[in-house]
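Novice: Sequence plus predicted model, see below.
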Amino acid sequence: MPTRDPLSWLELKVPPPVVVLLGVLLFEALVWVSFPAILPALWIVSFFSIAFAAWFGISGVYGCLSHKTTIHPWDPSETSTLVVDGIFQYTRNPMYVALLFVLVAYLCLKPHPVGPAVFACVMWFLHRFQVMPEERMLAQKFGDAYAAYCNRVRRWL
């Protein structure tokens with residue numbers, strides 16, 4: 001008999017932007033001293049991360065709205081259409097990718113060794129408590145079409 005996951009109560013409960021914000025707050029709580037020298041290369045990475053975030057985020061929202069389906073992850077059962085074109089032909093989660101790019105941009109502006117660990121925690125939380133429950137629902141709702149889509153398109157990048 002399979003055991004119930006004790007953390008399943010967190011599934012689809014915390015909005016993804018809040019998860020990223022909590023990651024930033026965790027980072028700030030863990031970082032007492034930032035490195036004083038900020039490398040110009042990190043500013044460039046930060047700039048391009050924001051640019052990619054904007055592209056992924058806007059493209060994802062546009063794709064959902066143009067297919068008249070929900071952009072809100074809190075109740076994936078409201079999804080009326082499986083969007084597989086536009087940015088969704090490159091990643092199944094463009095809006096989550098956008099949020100992660102925003103976090104990368106922030107972490108590049110405040111370099112610290114704890115940054116990658118915070119990024120990994122945020123990504124794990126989004127994957128476990130948002131993406132996986134959504135994927136279960138989409139698999140139930142769209143069946144073989146969703147399975148074929150998953151075989152063609154990566155979850156992240």
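Specialist: Now that the structure is in, tell me what you want to look at. Numbers count the residues shown, from 1 in each chain.
Novice: SS state for V104?
Specialist: helix (DSSP: H, G, I helix; E, B strand; the rest coil).
Novice: element containing the residue nearest to it when sequence neighbours are not counted?
Specialist: Closest residue to V104 apart from its sequence neighbours, by CB to CB, 6 or more residues apart in numbering: S49 at 4.5 Å. Where you see a C-beta, it was placed from the backbone N, CA and C, and this is true even at glycine. Using DSSP states H and E, S49 falls within helix 40-66.
Novice: Which neighbouring elements make contact with that helix?
Specialist: Packing contacts for helix 40-66, counted by 3 or more CB pairs under 8 Å, 6 or more residues apart in numbering; DSSP states H and E, involve helix 94-109.
Novice: Report all helices and strands that the very next helix or strand once past the helix it packs on contacts.
Specialist: The helix or strand immediately downstream of helix 94-109 is helix 115-126, counting by DSSP H and E. When contacts are defined as 3+ CB pairs under 8 Å, 6+ apart, helix 115-126 sits against helix 16-30, helix 94-109.
Novice: Also compute the angle for the helix or strand of the chain with the lowest mean pLDDT relative to helix 115-126, please.
Specialist: In the chain, no helix or strand scores lower on mean pLDDT, DSSP states H and E than helix 16-30, which sits at a mean of 91. Using axes from the mean of the first three to the mean of the last three CA atoms, to 10 degrees, one finds that helix 16-30 and helix 115-126 are set 150 degrees apart in direction.
Novice: list the contacts for the residue most central in space within the chain?
Specialist: Centroid-nearest residue in the chain: Y96, 2.2 Å away (criterion: CA atoms, centre = their mean). Going by CB atoms under 8 Å, 6 or more residues apart in numbering, Y96 touches P16, L126, Q130, V131, W156.
Novice: now do M137
Specialist: By CB under 8 Å, 6+ apart, the contact set of M137 is P76, S77, T79.
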